[in-house]
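Trainee: Sequence and predicted model, in that order:
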Amino acid sequence: MRIALGQINATVGAFAENSRAIVEQSERAASAGADLAVFPELALCGYPPKDLVTLREFVERQIAALEQLARAPVFSRVPALVGFVEPHPGEGAGLYNACALLSGGKIAAVARKTLLPNYDVFDEARYFDPSPMVTVLEIGGVSVGISICEDLWNDKFFWQKPRYLRDPIEEIRAKGAQVLVNLSASPYALGKPQRRREMLSAAARRHGMPIALCNLVGGNDSIVFDGNSIAVSAAGEVAVQATGFEEDFAIADLTPRPASKPVSTAGAPLGEQPADTSQKPTSIVSPALAPSGPSALAVVSAYELDLSDAGCAELASALTLGIRDYARKTGFRSVVLGLSGGIDSALTAVLAARALGPENVTGIAMPSRYTADMSNEDARILAERLGIHFHTIAIEPIFSAYLAALEPIFRGRKPDVTEENLQARIRGMLLMAFSNKTGALLLSTGNKSELATGFCTLYGDMAGGLAAIGDLSKTAVYALSRWFNRQGKEVIPARILDRPPTAELRENQTDQDTLPPYDQLDGVLRGHVEEHLGVGELTARGLSSDLVRRVLKLVVRSEYKRRQAAPVLRVTARAFGEGWRFPIAHGYLH
């Protein structure tokens, strides 16, 4: 069976644009002699649509777009599976995460998602009902099992602790499927493409049938989708893999497993409630399968922190795509950022120039009385090497005016962090003024270590519309920066990499005046944030109890800052933002 994978970059709510992409890829599939074209999860409306699906008009317009799409002549030449939001009249949320088989000018059948993820960045149980049944359709004389993203991620032989009571793939195989397809919108995290490939191969070998997975590519808000659509043989060998982090089209020739029994070809009509089955669905973890122990919650979410050349290349591609799509899909053509002469702003500038072109990036240096000459020089050199626009605005006159205005009410009080934060807020004000005047998107340049510990200033360096490197630890920032410098020429001045990190908000300041060394700090943060570990579990790994408690206290105290941070591009197993939902006011002490 020849299956085409249409790896498109769908924009949420852009029905016409997404439909055009689906038709274009389907034309390629038909020309290639494909028996079936497969598109990503919710390809028609984009993923994740979030509360847009609570608007009746949104769902109705999407259904109208689907019906119009189904009439495209190309689907008389090749059938296609297209993800969409399906309304239904039954009890519950009234919506399914579904896919339609478009064939012969009509919606020939509909399949619905069985397992609804409701963790990390996923909120599907908020919007959708789980399907009580799985779907196998006869397409081109082959029994094809239809699954949607999470349906494939509950293999009890692959994962240590599955999240759900049922495995839809087992049910699909039992219904006689010869080939399995999966429509996915699987978000990127460092190391996840490899894990996804391993999982797919293991499932193919276990069930003895080939699998084709079409994954979404592109950035939607803070989430980056890596694509890397893939098809594997029944032996688990990769038949084809699409390019990561860009739109692509791939053809896989797969040998179906021998037929075992007849399967209904009717499928379910659009909007009809599927009949219940003896196997009850669930979208929650059962008590018997509930995670326990220090690493149980991390089993399906944390991936190895790979900062090798390959890992850094993957991170660079993900962040570049995330910046480009965030700007494009929100209507920005250019960006601005503060260039301090430090490592974080340097890396952000490199990524922005890569994503949007240097002609669309502006860096502004804003020195104060505490800024070293080398910082100004390094910022200028970086801008010249990248070819971005560069300006310098000295903040000393503004800072002095602020101090003079505040002197009467600050009289008798010693200088402290207040004066440091004033400088950061002056810089934030100037950058926002440039953003307002020119229409450029302001990029926040803070890293994950800073966001975690609150080593950042509200309405200062936190100002911005996107935190491009907010999911990179300081350790990862250095690794990725050094990787960029190994790619042909040194873009980031070596002195930026070699000097101790400093905010330069007071005399002779370094980050380690306030924070533990980053190699220690980042280890604690990774365990706590990405692996869900508490004090006891972290100290059991040999980490100092004093260090762990100090770091976690900083994390708790700075929660209010993170609530007001710019959206963070998610590139690890857990980023601050939608996947991090801790209360600000609470009495739990680590």
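Mentor: Good, I have the coordinates.

Trainee: Can you name the residues that contact R550?
Mentor: P516 (Cβ atoms under 8 Å, 6 or more residues apart in numbering). The way it works is simple: take the backbone N, C-alpha and C, and place the C-beta from them, glycine included.

Trainee: Could I get the pLDDT score of it?
Mentor: If you check R550, the pLDDT there is 96.

Trainee: Are we agreed that it is in a helix?
Mentor: Yes. According to DSSP: H, G, I helix; E, B strand; the rest coil, R550 belongs to a helix.

Trainee: Just the helices from the stretch 101-250 of the chain, written as ranges.
Mentor: With DSSP state H, counting those that start in this stretch as the criterion, the stretch 101-250 of the chain has helices at 124-127, 168-174, 192-207.

Trainee: Mean neighbour count, those helices: which tops it?
Mentor: Mean neighbour count (mean count of other Cβ atoms under 10 Å) peaks for helix 168-174 among these, with a mean of 21.

Trainee: Kindly provide the distance from the residue most central in space within the chain to G527.
Mentor: Centre of the chain computed as the mean C-alpha position; nearest residue by Cα atoms, centre = their mean is I223, 2.8 Å away. Going from I223 to G527 by Cβ to Cβ, to the nearest Å gives 23 Å.

Trainee: now N9
Mentor: Taking Cβ to Cβ as the measure, N9 falls 34 Å from G527.

Trainee: Please apply the same query to P493.
Mentor: P493 is 33 Å from G527, by Cβ to Cβ.

Trainee: now swap in D248 and tell me
Mentor: According to Cβ to Cβ, D248 and G527 sit 36 Å apart.

Trainee: repeat for R506
Mentor: Plainly put, R506 is 31 Å away from G527 if you go by Cβ to Cβ.

Trainee: between those two, which one's more packed in?
Mentor: A direct count of neighbours by other Cβ atoms under 10 Å for R506 and G527 places G527 higher, at 22 against 17.

Trainee: which ones are touching the more buried one?
Mentor: Contacts of G527 (Cβ under 8 Å, 6+ apart): 533, 537-538, 541, 543.

Trainee: Now distance to L552 and pLDDT too, for those, in a markdown table please.
Mentor: Shown next, in a markdown table, are the contacts of G527 (distance: Cβ to Cβ, whole Å; pLDDT from 0 to 100):
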| residue | distance to L552 | pLDDT |
| --- | --- | --- |
| L533 | 10 | 96 |
| E537 | 11 | 96 |
| L538 | 8 | 96 |
| R541 | 14 | 94 |
| L543 | 11 | 92 |
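
Trainee: Among those, name the buried ones.
Mentor: Among the contacts of G527, the ones that count as buried by 16 or more other Cβ atoms under 10 Å are 533, 537-538, 543.

Trainee: Between the residues you listed, which sits nearest P500?
Mentor: L543 (23.2 Å; Cβ to Cβ).

Trainee: Spatially nearest residue to the closest one (excluding sequence neighbours)?
Mentor: Sequence neighbours aside, V524 is the residue nearest to L543 in space, at 6.2 Å (criterion: Cβ to Cβ, 6 or more residues apart in numbering).

Trainee: Touching, V121 and T572? I think so.
Mentor: No. If you go by Cβ atoms under 8 Å, V121 and T572 don't touch, sitting 11.8 Å apart.

Trainee: rewinding a little: was I right to think the residue nearest to the centre of the chain contacts D123?
Mentor: No. Using Cβ under 8 Å, I223 is not in contact with D123; the gap is 12.0 Å.

Trainee: so what's in contact with the two at the same time?
Mentor: Common neighbours of I223 and D123, using Cβ under 8 Å, 6+ apart, are P48.

Trainee: start to end distance for stretch 576-586?
Mentor: Criterion Cα to Cα, to the nearest Å; first-to-last residue distance in stretch 576-586 is 18 Å.

Trainee: Tell me the buried residues in that stretch?
Mentor: Going by neighbour count (16+ other Cβ under 10 Å), the buried part of stretch 576-586 is 576-580.

Trainee: Likewise for stretch 93-111?
Mentor: 93-103, 107-111.

Trainee: Can you give me the first-to-last residue distance of that stretch?
Mentor: End-to-end distance for stretch 93-111: 17 Å, by Cα to Cα.

Trainee: Show me how far that stretch is from its chain's centre.
Mentor: A distance of 27 Å separates the centroid of the chain from that of stretch 93-111, by Cα atoms, centre = their mean, to the nearest Å.

Trainee: heads up, I number from 317, so please use that
Mentor: Sure, I'll start numbering at 317, so the last one becomes stretch 409-427.

Trainee: What's the mean pLDDT across that stretch?
Mentor: Over the span of stretch 409-427, the pLDDT mean works out to 98.

Trainee: cool, stretch 555-563 as well?
Mentor: Here stretch 555-563 scores 98 as its mean pLDDT.

Trainee: then it to PDB, C-alphas only?
Mentor: The C-alpha coordinates for stretch 555-563 follow below in PDB (Å, rounded to 0.1, in the frame of the first residue of the first chain):
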ATOM      1  CA  ALA A 555      10.500   3.000   5.400                       C
ATOM      2  CA  VAL A 556      10.600   6.800   5.100                       C
ATOM      3  CA  GLN A 557      11.000   9.800   7.400                       C
ATOM      4  CA  ALA A 558      10.100  13.300   6.500                       C
ATOM      5  CA  THR A 559      12.400  16.200   7.200                       C
ATOM      6  CA  GLY A 560      12.100  17.700  10.600                       C
ATOM      7  CA  PHE A 561      11.100  21.300  11.300                       C
ATOM      8  CA  GLU A 562       9.800  22.200   7.800                       C
ATOM      9  CA  GLU A 563       6.900  21.300   5.600                       C
END
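
Trainee: Next, the buried residues of it.
Mentor: So stretch 555-563, judged by 16+ other Cβ under 10 Å, has buried residues 555-561, 563.

Trainee: Ok, stretch 428-441 next?
Mentor: Buried, per 16+ other Cβ under 10 Å, within stretch 428-441: 428-434, 436-440.

Trainee: Could you export those as JSON lines, including distance to A348?
Mentor: Converted to JSON lines, the buried residues of stretch 428-441 look like this (distance: Cβ to Cβ, whole Å):
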{"residue": "R428", "distance to A348": "29"}
{"residue": "K429", "distance to A348": "28"}
{"residue": "T430", "distance to A348": "30"}
{"residue": "L431", "distance to A348": "32"}
{"residue": "L432", "distance to A348": "34"}
{"residue": "P433", "distance to A348": "33"}
{"residue": "N434", "distance to A348": "38"}
{"residue": "D436", "distance to A348": "36"}
{"residue": "V437", "distance to A348": "34"}
{"residue": "F438", "distance to A348": "33"}
{"residue": "D439", "distance to A348": "37"}
{"residue": "E440", "distance to A348": "33"}
